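Undergrad: Fold the following.
(one chain, ligands or ions: 1)
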Amino acid sequence: MNYQQVIEEVYQEVQEKNLRGKVATYIPELASVDPNQFGIALVDLEGNVYGVGDYEVPFSIQSISKVHTLTMVFHVFKSKLWSRVNVEPSGNPFNSIAQLEFEKGIPRNPFINAGALVITDALCSKFEHATKQVSDFINELAGKTCVSINPSVKNSEKNHGERNTALAYFLKAYKNFDNDVEEVLDVYFSHCAMELTCVDLAKSFSFLANDGYSIFAQREIVSESHARRINALMLTCGFYDEAGEFAFRVGLPGKSGVGGGVAAVMPHKFSIAVWSPELNEKGNSVKAIQALELLTDKLSFSLF
Ligand code: GLN
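TA: Alright, predicted model coming up:
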């Protein structure tokens, strides 16, 4: 399979479509990126890297970091975790407050903001220096020191973090939050403000394409059974209220972020990261989704 040729074709075809969306503005600092950037990096299970466009430019991974944080607590808390957060698609926007009240403080899944805040709370219970542990973990997964936290993005989100703060206090009111709210929010905003290139992000997802074993970290990160479950969650919940559409159009487990990134895996074949900042109304990158749809069409395979 000539992956380099395929991603170059995909890149060209997406560019020709001249798709437009809007960069996220509710985190003001995210609105300052050049909206025309577009990169694709694919990493196969031998560690070969294929890239096109802005694939070596670091960008804000935002909610994609929720896959890394979930991975860190999954094997620590095991099935106990699933009494605090469910595993159902939300069918609602990622920052919905109404749903959390309706469901009495148990978030629908670990990838909407409420669920991710529970995961970050669990992370803070386990790790004394949670932010550092998250970046160390991602560096290990990528096989090199590559994570940086953008302080402007972090502070920008912190200064406009009313909804996430409300969600965290709501969780506390329902006794589904153990640590200090401000402390957990700081860790949450920090991991959302981490920056990676498409190459390093794709490498950090490689273990999910490889039954839990990372060829870059050279160790088993999670068991095969946990890897399957994280992939199932990405497939059903990775794109919020657009998860069905992503499964329909692309058919790969993946996770998006409002920085415009999408990371996805084709089990037993490759991991891939695509980035372009302009988003659709659901908060997912317009070009990244189109690129992944074209990719699975050209390769003639997906999960299905
Ligand atoms: N940091 C963002 C938030 O909490 C992440 C959202 C996203 O990427 N979908 O709102």
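Undergrad: Need the per-residue pLDDT for the residue sitting nearest the centre point of the chain.
TA: Taking C-alpha atoms, centre = their mean, the centroid of the chain lies closest to Ile64, which sits 1.5 Å from it. The model reports Ile64 with a pLDDT of 98.
Undergrad: In contact with it: list those residues for me.
TA: Contacts for Ile64 (C-beta atoms under 8 Å, 6 or more residues apart in numbering) come out as 201, 255-257, 259, 261-263. Glycine gets a C-beta too; all of them are placed from N, C-alpha and C.
Undergrad: Report the mean per-residue pLDDT for stretch 27-36.
TA: Here the average pLDDT along stretch 27-36 is 95.
Undergrad: who touches it?
TA: For stretch 27-36, the surrounding residues in contact (C-beta under 8 Å, 6+ apart) are 23-25, 59-60, 62, 150, 152-153, 155-157, 160, 258-260, 277-278.
Undergrad: does the ligand sit close to it?
TA: No. Stretch 27-36 is not in contact with the ligand by C-beta under 6 Å from any ligand atom; minimum separation 6.5 Å.
Undergrad: just the contacts of Ile64 that are near the ligand?
TA: Near the ligand, by the rule C-beta under 6 Å from any ligand atom, you find Gly257 out of these.
Undergrad: give the contact list for Gln20.
TA: Not Gln; residue 20 is Arg. Counted by C-beta under 8 Å, 6+ apart, Arg20 has contacts 278, 286.
Undergrad: if we go to 7 Å?
TA: Each residue near Arg20 by C-beta atoms under 7 Å, 6 or more residues apart in numbering is listed here: Glu278.
Undergrad: Number of residues surrounding Phe216?
TA: Using other C-beta atoms under 10 Å, Phe216 has 19 neighbouring residues.
Undergrad: Please tell me I have it right and it contacts Ala209.
TA: No. Contact criterion C-beta atoms under 7 Å: Phe216 and Ala209 do not qualify, at 11.8 Å.
Undergrad: And the spatially closest residue to Ser60 that is not a sequence neighbour, what's its pLDDT?
TA: The shortest distance from Ser60 to any non-neighbouring residue, by C-beta to C-beta, 6 or more residues apart in numbering, is to Gly259 (3.4 Å). On the pLDDT scale, Gly259 is placed at 97.
Undergrad: my read: Gly259 touches Gln62, true?
TA: Yes. Gly259 lies in contact with Gln62 (C-beta under 7 Å); the separation is 4.4 Å.
Undergrad: How about stretch 61-69 and the ligand, touching?
TA: Yes. Among the residues of stretch 61-69, 62-63 lie within reach of the ligand under C-beta under 6 Å from any ligand atom.
Undergrad: Span of that stretch from start to end?
TA: Using C-alpha to C-alpha, to the nearest Å, one end of stretch 61-69 lies 13 Å from the other.
Undergrad: same deal with stretch 294-304?
TA: 15 Å.
Undergrad: before we move on, the earlier item: burial of the residue nearest to Ser60, as a residue count?
TA: Count around Gly259 with other C-beta under 10 Å applied: 27.
Undergrad: secondary structure element for the closest residue in space to Gly260 that isn't next to it in sequence?
TA: Distances taken as C-beta to C-beta, 6+ apart place Pro277 nearest to Gly260, at 3.7 Å, with adjacent residues excluded. If you go by DSSP states H and E, Pro277 is not part of any helix or strand.
Undergrad: Then Val52?
TA: strand 49-53.
Undergrad: Can you tell me which helices and strands that strand packs against?
TA: Under the contact criterion of 3 or more C-beta pairs under 7 Å, 6 or more residues apart in numbering; DSSP states H and E, strand 49-53 touches helix 3-17, strand 39-44, helix 198-204.
Undergrad: Return the most buried member of those.
TA: Burial of the helices and strands packed on strand 49-53 is given as mean neighbour count (mean count of other C-beta atoms under 10 Å); helix 198-204 ranks first at a mean of 29.
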